[in-house]
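Colleague: take this sequence and fold it.
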Amino acid sequence: MTQQIRARRVLTEYGWRENQAITVHNGIINTITSLPAGERRFDAEQLCPAYIDTHVHGGQGMDVMDDSPDALATIAAFKAQQGVAAWLATTVTAPLPDIKSTLIRIARYCQQQTVTTPGAEVLGSYLEGPYFTPENKGAHSQELFRELVISELDELIALSQNTLKVVALAPEKANALNAVRHLKARGLNVMLGHSAASYKQTLDAFDAGADGLVHCFNGMTGLHHREPGMAGAGLSDARAWLELIADGHHVHPAVMQITCQCAAHRTVLITDAMRAAGQPDGVYDICGHDVTMKAGIVRTAAGGLAGSTLALDDAVCWMISTAGTLPETAIRMASLHPAQLLGITQTHGTIAPGKRAHFNDLNADWRVRQTWIHGLPVY
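Modeller: Numbers count the residues shown, from 1 in each chain. So this is what the prediction gives:
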């Protein structure tokens, strides 16, 4: 099937281009050409790459770890409504048998999805827990934390049938550096978080090959002028990718600005969304505990934040309107940068011939008006 999408302007790898026609064949971008002068018929106003959410626990009342045949499909459809064309299904700390069965379900979904499967594409899984430490545990259950054992990691990779893409861990744990080296040798990304690690311990993990920080500033040692902590290591080390929950609650707008000033080219916008996303205020569960959502903010009984209800297109808008980020930079934080982190830029992340036809049409306020996945309009 061949189709053409005509846009008033398109964000390409080389910046915005006016009056462009994109030809799509079987879900892949074939050509990008200029429209004739004076053309006035357009399918899109501002076409940009659709977004990639690398850290998603749930939404629309469902959680990635729900033992339900509809969970992943429901979340995938929900993400597509927010301009997300691809995402990582993210686990939480839980009993090991539950984590194993979840990885198996995600692998099965990945293998069965096709270009006509409704909703956003599931790229694989992200293991957030159980390899953390108690000091900055967030909503995770510390009684279920585990030590890093190479054979156990290999078993999880095998059960995932190599769809496990990211493992998060605390770098101060015993055997952490060996685990980082081993996971990198197996082709996985390693993110650091839910940890009390020092600046030096974090740098040691980056030296071992770790890729960046889990939701930077949240669940880790903060920046202090005499002890830069994990946040300081991430801001100052050019190797580190920084996940950022840009909702104004998890990170103050001034800190969002600081992050952009230090690391705009290595910031990855995420939602960390949990099952309450898209739902009314009330009581929900995460990590086996009840949490309460009020005015869209989810907190534990102790008052700590517990995931988010953020939409990724809202995060892009927050970066533009509140952090003062250039629109094309904010868009790349939600498209190109996650593709670079995951090593999938040959197929995802920008609008270019040979890549998947994942597009968002944005209005003048940078809100998503329409989304195409594999060239098909889904929202």
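Colleague: ok, I157 - contacts?
Modeller: By CB atoms under 8 Å, 6 or more residues apart in numbering, the contact set of I157 is 164, 186, 188. Glycine gets a C-beta too; all of them are placed from N, C-alpha and C.
Colleague: now do 7 Å
Modeller: Taking CB atoms under 7 Å, 6 or more residues apart in numbering, we find I157 in contact with 164, 186.
Colleague: tell me how far it lies from R6.
Modeller: 44 Å (CB to CB, to the nearest Å).
Colleague: try A330
Modeller: Going from A330 to R6 by CB to CB gives 25 Å.
Colleague: which of the two has more residues huddled nearby?
Modeller: Set side by side, A330 and R6 show more neighbours around A330, with 25 against 17, by other CB atoms under 10 Å.
Colleague: so the more buried one, which state does it fall into?
Modeller: What DSSP: H, G, I helix; E, B strand; the rest coil gives for A330 is helix.
Colleague: just T202 next, same as before
Modeller: When classified by three-state DSSP, T202 comes out as helix.
Colleague: residues near it, how many?
Modeller: 27.
Colleague: thought P171 was touching it, still the case?
Modeller: Yes: using CB atoms under 7 Å, T202 is in contact with P171, at 5.8 Å.
Colleague: find residues that contact each of those two.
Modeller: Common neighbours of T202 and P171 (CB under 7 Å, 6+ apart) are L192.
Colleague: quick one: residues in contact with the longest helix belonging to the chain.
Modeller: Criterion DSSP state H: the longest helix present in the chain is helix 96-112. The set of residues external to helix 96-112 that reach it, using CB under 7 Å, 6+ apart, is 64-65, 67, 72, 89, 91, 122, 124-125, 156, 159-161, 163-164.
Colleague: so where's the stretch 101-250 of the chain shaky on pLDDT?
Modeller: Residues of the stretch 101-250 of the chain meeting the criterion pLDDT under 70: none.
Colleague: in it, which spans are strands?
Modeller: Counting by DSSP state E, counting those that start in this stretch, the stretch 101-250 of the chain has strands at residues 121-128, 164-169, 189-192, 212-213, 241-244.
Colleague: tell me the pLDDT at G38?
Modeller: At G38, the pLDDT value in this model is 79.
Colleague: sorry, back to before: list only buried entries from the contacts of helix 96-112.
Modeller: 64-65, 72, 89, 91, 122, 124-125, 156, 159-160, 163-164 (16 or more other CB atoms under 10 Å).
Colleague: and the two most separated of the residues you listed?
Modeller: Largest separation among the buried ones among the contacts of helix 96-112 by CB to CB: L72 and L156, giving 18.1 Å.
Colleague: sorry, back to before: and the angle for the longest helix of the chain with strand 121-128?
Modeller: Put simply, helix 96-112 runs at 160 degrees to strand 121-128, going by axes from the mean of the first three to the mean of the last three CA atoms, to 10 degrees.
Colleague: report the buried residues of stretch 191-210.
Modeller: 191-199, 201-206, 208-210.
Colleague: my guess is M65 contacts T91. True?
Modeller: Yes: if you go by CB under 7 Å, M65 and T91 touch, sitting 6.0 Å apart.
Colleague: A85 touches L123, doesn't it?
Modeller: No: judged on CB under 7 Å, A85 makes no contact with L123 at a distance of 10.0 Å.
Colleague: got a list of what L310 touches?
Modeller: The contact partners of L310, by CB under 7 Å, 6+ apart, come to 245, 247, 271, 273.
Colleague: tell me the pLDDT of it.
Modeller: Looking at L310, the pLDDT reads 97.
Colleague: so it, which state does it fall into?
Modeller: Look at L310: counting by three-state DSSP, its state is coil.
Colleague: re the thing from before, dump the buried ones among the contacts of helix 96-112 to JSON lines, plus distance to H348.
Modeller: Output for those, formatted as JSON lines (distance: CB to CB, whole Å):
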{"residue": "V64", "distance to H348": "20"}
{"residue": "M65", "distance to H348": "25"}
{"residue": "L72", "distance to H348": "19"}
{"residue": "A89", "distance to H348": "16"}
{"residue": "T91", "distance to H348": "22"}
{"residue": "V122", "distance to H348": "13"}
{"residue": "G124", "distance to H348": "12"}
{"residue": "S125", "distance to H348": "17"}
{"residue": "L156", "distance to H348": "24"}
{"residue": "L159", "distance to H348": "25"}
{"residue": "S160", "distance to H348": "20"}
{"residue": "T163", "distance to H348": "16"}
{"residue": "L164", "distance to H348": "18"}
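Colleague: just the buried residues of stretch 254-270, please?
Modeller: 255-256, 258-260, 262-264, 266-270.
Colleague: sorry, that was for stretch 163-177
Modeller: Buried-residue list, stretch 163-177, by 16+ other CB under 10 Å: 163-173, 176-177.
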